[in-house]
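Trainee: need a structure here:
(one chain, ligands or ions: 1)
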Amino acid sequence: MAHLSPNHFLALPRPGVLVGLPAGVVDTTTLAAHDFDVDTRTGFMPPDPPLVRLPTQWEPWEQLLDDAQVHRLQLGSKYDITDEEVIQSESWRARVRQSHALPTVDLCPSELLLRRAHQIRVPAPITVPLLEVCAQLQLPPVITYSDDVLYNWALKVPSEEPIPALDNLRSLTLFTGTRDEEEFYLTSARIELRGVDALEIMRAMMDELFVGDALAARRITRYLHSLARVLDDLTRILLAVRDGCNPDVFYHSIRPWFNGCRLWHAQLLAFPDELSGPSAAQSALIHALDVFLGVDHTSTPSSSPTLELAPTSGAAASAHVPPKAPFLVRMRAYMPRHHRNFLRHLAAAPRPLRAAVERTGDATLTDAYNAALAGLRRLRDAHLRIVTLYIVGPSHRPPPASLAATLTVQAKVATGEVKDGFANGTCMGSDPTLLRGTGGTDLIRFLKGVRDRTSEAALELDSST
Ligand code: HEM
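Mentor: Just a heads-up that it's a prediction; the model follows:
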């Protein structure tokens with residue numbers, strides 16, 4: 001925060017989320033907080049690069065992260081862990097156990113400090129302050145998509161451009177220090193940034209829906225075709241993950257860090273005791289597209305993963321996600337709260353697009369609506385190919401002998417950091433209950449269901465009109 005002037009809006013006192021906002025006071029936790037923290041240039045990504053280090057008061061946490069990187073902290077469940085790695089990793093864990101619990105009270109006034117603190121995940125005695133940080137952010141005490149993607153980037157080369165170029169991004173914090181992991185996160189970051197046009201198109205359509213005359217219908221038709229083109233760009237960006245992220249490295253070295261976890265201190269702050277790992281299923285952008293286009297995922301069939309959330313208080317519960325809600329609904333508990341509210345607001349739009357298109361019975365408009373849905377379906381088809389390539393394929397074959405050597409060559413020792421996780425190594429998805437079926441059958445069935453519901457929203461023209 002040293003680089004912010006005292007008058008900067010981010011230096012203003014942040015409302016205590018536990019006590020709520022005084023009447024008439026605007027939430028200034030972020031510049032766009034009053035507007036769901038969605039920036040017109042960078043969408044769900046923050047407009048400025050996120051904080052890279054906490055102030056000295058919390059330096060012990062940053063030191064532990066540095067140490068984890070220097071000593072190449074490994075998961076105990078790593079398939080080819082060496083004796084030396086076991087010793088190094090255990091000595092790091094011993095240092096963590098000996099460290100003092102730092103107070104979080106001075107973190108609470110700043111959303112930026114809280115976001116950086118939320119990226120740091122270590123066992124007790126830091127667990128308690130971590131839970132306090134999570135309560136402030138109203139997030140469960142696990143790494144989320146926002147930690148890995150939305151708030152985990154910097155510019156490769158300094159630039160004055162208001163929107164970061166898609167090829168000028170790097171990740172701040174990595175579990176494995178590999179380029180593969182960085183590319184995995186940056187693929188999502190690029191999708192978020194390219195998706196800003198989709199958000200803008202949706203906003204413009206909402207204005208036209210409000211007007212609702214024949215001219216508005218023609219404009220909405222054009223906007224829907226533009227949206228389909230943006231969706232095809234997102235598909236291209238998604239498929240390009242294959243250029244920088246090796247499926248075997250992903251499956252054997254990166255993915256284990258994303259496993260869901262059980263919490264030992266669940267009773268302490270009444271958190272749910274089983275939690276999802278980070279997943280792009282927590283991207284508000286894709287949820288927003290579904291909500292806006294009228295794709296209904298709320299009646300997910302029983303084959304979808306069912307994560308139990310504690311029905312009482314706590315971060316996830318405060319996101320008002322009922323236990324056993326469909327997977328995609330439950331994923332909202334892992335989104336930044338402003339984005340969660342944005343989706344709620346979008347879902348409550350007084351003039352939903354799908355119903356409006358259906359009412360007009362206009363063939364050209366209906367075709368355009370279906371074209372946008374087809375674009376979203378193509379994105380999900382491509383995602384299915386990616387999941388088959390990165391999860392189902394590698395799960396059927398042993399890790400290649402060359403993998404350890406590849407990782408050594410690719411390690412970004414100079415810039416990467418390593419974080420500890422609570423991975424249990426027993427499931428293949430980020431959700432602890434996902435993918436129990438042999439060879440990922442449950443996962444594929446689930447993703448195909450989501451894709452099929454996208455197509456099911458398509459409108460048929462009444463031939464009698
Ligand atoms: C190597 C790349 C990727 C792999 C292996 C992968 C894997 C998965 C898996 C296993 C799931 C099931 C839920 C879970 O376990 O979390 C999932 C869901 C999902 N992923 Fe990915 N993913 C990848 C890239 C992406 C990217 C770049 C995006 C876009 C931001 C994305 C968007 C989604 C969405 C929205 C869902 C929820 C299902 C849906 O709405 O269709 N994924 N992904």
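
Trainee: which residues of the stretch 51-200 of the chain fall in helices?
Mentor: Counting by DSSP state H, counting those that start in this stretch, the segments of the stretch 51-200 of the chain that form helices are 59-70, 83-98, 111-118, 127-137, 145, 179-194, 196-211.

Trainee: quick one: contacts for the most centrally placed residue in the chain?
Mentor: The chain has residue 145 as the residue nearest its centroid, 2.4 Å off, counting by Cα atoms, centre = their mean. Counting by Cβ atoms under 8 Å, 6 or more residues apart in numbering, residue 145 makes contact with 188, 278-283, 334-335. Backbone N, C-alpha and C define where each C-beta goes, glycine included.

Trainee: In JSON lines, list the helices of the stretch 51-200 of the chain along with mean pLDDT and distance to the ligand.
Mentor: Below are those laid out as JSON lines (pLDDT from 0 to 100; distance: least, Cβ to the nearest ligand atom, whole Å):
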{"stretch": "helix 59-70", "mean pLDDT": "86", "distance to the ligand": "23"}
{"stretch": "helix 83-98", "mean pLDDT": "84", "distance to the ligand": "25"}
{"stretch": "helix 111-118", "mean pLDDT": "83", "distance to the ligand": "19"}
{"stretch": "helix 127-137", "mean pLDDT": "83", "distance to the ligand": "20"}
{"stretch": "helix 145", "mean pLDDT": "96", "distance to the ligand": "8"}
{"stretch": "helix 179-194", "mean pLDDT": "98", "distance to the ligand": "4"}
{"stretch": "helix 196-211", "mean pLDDT": "96", "distance to the ligand": "12"}
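
Trainee: would you turn the ones you listed into CSV with distance to residue 296?
Mentor: Output for these, formatted as CSV (distance: least, Cβ to Cβ, whole Å):
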stretch, distance to residue 296
helix 59-70, 42
helix 83-98, 45
helix 111-118, 31
helix 127-137, 29
helix 145, 22
helix 179-194, 23
helix 196-211, 17
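
Trainee: Indicate which one of the ones you listed is closest to residue 105.
Mentor: Minimum separation from residue 105 across the helices of the stretch 51-200 of the chain (Cβ to Cβ) falls at helix 127-137, 8.5 Å.

Trainee: Retrieve the pLDDT associated with the nearest residue to residue 168 once chain neighbours are set aside.
Mentor: Using Cβ to Cβ, 6 or more residues apart in numbering and skipping residues adjacent in sequence, the residue nearest residue 168 is residue 156, 5.0 Å away. As predicted, residue 156 sits at a pLDDT of 96.

Trainee: Now for residue 156: which residues touch it?
Mentor: Residues in contact with residue 156 (Cβ under 8 Å, 6+ apart) are 167-170.

Trainee: Can you give me the end-to-end span of stretch 353-373?
Mentor: End-to-end distance for stretch 353-373: 12 Å, by Cα to Cα, to the nearest Å.

Trainee: so which of the helices of the stretch 51-200 of the chain is the most packed in?
Mentor: helix 145 (a mean of 27; mean count of other Cβ atoms under 10 Å).

Trainee: sorry, back to before: which stretch among the helices of the stretch 51-200 of the chain comes nearest residue 441?
Mentor: helix 179-194 (23.5 Å).

Trainee: host element of residue 345?
Mentor: Element membership for residue 345, per DSSP states H and E: helix 337-347.

Trainee: tell me what whichever helix or strand comes after that helix is packed against?
Mentor: Reading on from helix 337-347 to the C-terminus, the next helix or strand found by DSSP H and E is helix 353-360. When contacts are defined as 3 or more Cβ pairs under 8 Å, 6 or more residues apart in numbering; DSSP states H and E, helix 353-360 packs onto helix 196-211, helix 214-239, helix 284-293, helix 363-387.

Trainee: And the next helix or strand past the last one?
Mentor: In other words, helix 363-387. Scanning forward in sequence from helix 363-387 by DSSP H and E, the next helix or strand is helix 393-395.

Trainee: That next one and the ligand, are they touching?
Mentor: No. Figure legend: helix 393-395 not in contact with the ligand (Cβ under 6 Å from any ligand atom); closest approach 9.8 Å.

Trainee: Who are the packing partners of that helix?
Mentor: Contacts defined by 3+ Cβ pairs under 8 Å, 6+ apart place helix 393-395 against helix 247-249.

Trainee: Tell me the buried residues in the helix holding residue 345?
Mentor: By neighbour count on 16 or more other Cβ atoms under 10 Å, the buried set for helix 337-347 is 337-343, 346.

Trainee: that older thread, wait, which of the helices and strands packed on helix 353-360 is closest to residue 151?
Mentor: The closest of the helices and strands packed on helix 353-360 to residue 151 is helix 284-293. By Cβ to Cβ, the value is 13.3 Å.

Trainee: model confidence over that closest one, on average?
Mentor: Mean pLDDT, helix 284-293: 97.

Trainee: CA atoms only for it, dumped as CSV, please.
Mentor: C-alpha atoms of helix 284-293 as CSV (Å, rounded to 0.1, in the frame of the first residue of the first chain):
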residue,chain,number,x,y,z
ALA,A,284,-18.2,-15.3,-13.2
LEU,A,285,-17.7,-14.6,-16.9
ILE,A,286,-19.0,-18.0,-18.0
HIS,A,287,-21.8,-17.9,-15.4
ALA,A,288,-22.8,-14.5,-16.6
LEU,A,289,-23.0,-15.8,-20.2
ASP,A,290,-25.3,-18.6,-19.0
VAL,A,291,-27.5,-16.3,-17.0
PHE,A,292,-27.8,-13.7,-19.7
LEU,A,293,-28.6,-16.2,-22.4
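
Trainee: how far does that helix sit from the chain's center?
Mentor: 14 Å (Cα atoms, centre = their mean, to the nearest Å).

Trainee: what residues does it touch?
Mentor: Residues contacting helix 284-293 (Cβ under 8 Å, 6+ apart): 43-44, 191-192, 195, 198-199, 202, 205, 231, 280, 295, 297, 328, 331-332, 335-336, 339-340, 342-343, 346-347, 349, 353-354, 369, 372-373, 376, 454, 457.

Trainee: can you check stretch 351-360 too?
Mentor: 205-206, 209-210, 212, 217, 220, 292-294, 365-366, 369, 457, 459.
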